[in-house]
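Asks: coords please:
(chains A and B)
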Amino acid sequence: AQKITQTQPGMFVQEKEAVTLDCTYDTSDQSYGLFWYKQPSSGEMIFLIYQGSYDEQNATEGRYSLNFQKARKSANLVISASQLGDSAMYFCAMREVNYQLIWGAGTKLIIKP
Amino acid sequence: GAGVSQSPSNKVTEKGKDVELRCDPISGHTALYWYRQRLGQGLEFLIYFQGNSAPDKSGLPSDRFSAERTGESVSTLTIQRTQQEDSAVYLCASSLWGSKEKLFFGSGTQLSVL
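Replies: Now for the predicted structure:
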């Protein structure tokens, strides 16, 4: 069974609009962490945001926020006021207690001018 | 160094040859990971090091793949008798060990097996 599911293989969004990238996860651990990474066409993986399973507040990092709904096992990434430079692949990942990161298949986001 | 360094950045080899991929993690990072990323796909876990030991080798796809780490620093991923299906980007990442560690990635080695 998929442990990390990103249901949107690709998205087109108008510049300056907000965008939500979906991520659902499956784990029986009580302690886990959720990550979002960005991978531009240049190939490097860039850390965006982290949410711990015991964190009560949704994580925010500048224009990025994580909409964490624990009961629904979802950890959607919200990008406010999208910019052309946000065009990239976005990966959701989960770390369980055995420390290994499990990755989703990614969402390709394209920002239209 | 300031970031994770991987070499070579590109490697073209013939089927059946052995290749070595190198990763220099950020100084002081105790955890080191190797991932494989095929074109247009997500990351596939290969192996994890904590210090010089590898508690999890479960992701290595076959016995042609091996990795080592020395001095809690440099790691080498070796692929013996390369096959065309080994063609991919091999990414290395390192992190501090902690509950909120984030991974710092290198820019990867693009391996092409002809």
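Asks: And A:N98, what's its pLDDT?
Replies: Here, the pLDDT recorded for A:N98 equals 66.
Asks: Okay, now the unreliable bits of chain A?
Replies: A:1-2, A:97-99 (pLDDT under 70).
Asks: Leaving out sequence neighbours, find the closest residue to the residue in it that chain B sits nearest to.
Replies: Nearest residue of chain A to chain B: A:M45, at 3.9 Å (CB to the nearest CB). C-beta coordinates here come from the backbone N, C-alpha and C atoms, glycine included. In this structure, A:M45 finds its nearest non-sequential neighbour in B:F105, 3.9 Å apart by CB to CB, 6 or more residues apart in numbering or on different chains.
Asks: So that neighbour is in contact with A:G43, correct?
Replies: No - counting by CB atoms under 8 Å, B:F105 stays clear of A:G43, with 9.2 Å between them.
Asks: More neighbours: which of those two?
Replies: Between B:F105 and A:G43, counted using other CB atoms under 10 Å in any protein chain shown, B:F105 has the larger neighbour count: 24 against 16.
Asks: A:K3 versus the more buried one, what's the distance?
Replies: Computed as CB to CB, to the nearest Å, the B:F105 to A:K3 distance reads 21 Å.
Asks: roughly how far apart are B:Y90 and chain A?
Replies: Relative to chain A, B:Y90 is positioned 11 Å away (CB to the nearest CB, to the nearest Å).
Asks: Which strand or helix spans that residue?
Replies: Element membership for B:Y90 (DSSP states H and E) is strand B:88-95.
Asks: before we move on, the earlier item: dump the residue contacts of the residue nearest to A:M45.
Replies: Residues near B:F105 by CB atoms under 8 Å, 6 or more residues apart in numbering or on different chains: A:44-46, B:4, B:91-93.
Asks: what do you get if the cut-off is 6 Å, keeping everything else the same?
Replies: A:45, B:91, B:93 (CB atoms under 6 Å, 6 or more residues apart in numbering or on different chains).
Asks: re earlier: mean confidence score for the following helix or strand past the strand holding B:Y90?
Replies: The helix or strand immediately downstream of strand B:88-95 is strand B:104-105, counting by DSSP H and E. Regarding strand B:104-105, the rounded mean pLDDT is 91.
Asks: strands paired with strand B:104-105, and their directions?
Replies: strand B:88-95 (antiparallel) (DSSP bridges).
Asks: Residues of chain B that sit close to chain A?
Replies: B:42-43, B:45, B:100, B:102, B:105, B:107-108 (CB under 6 Å from any CB of the partner chain).
Asks: and the residues you listed as TSV, adding distance to A:F12?
Replies: Formatted as TSV, the residues of chain B next to chain A follow (distance: CB to CB, whole Å):
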residue	distance to A:F12
B:G42	21
B:L43	24
B:F45	31
B:K100	33
B:K102	29
B:F105	27
B:S107	27
B:G108	27
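Asks: and which of these is nearest A:T7?
Replies: B:G42 (13.6 Å; CB to CB).
Asks: The closest one touches A:T107, doesn't it?
Replies: No - in terms of CB atoms under 6 Å, B:G42 does not count as a neighbour of A:T107; the distance is 10.3 Å.
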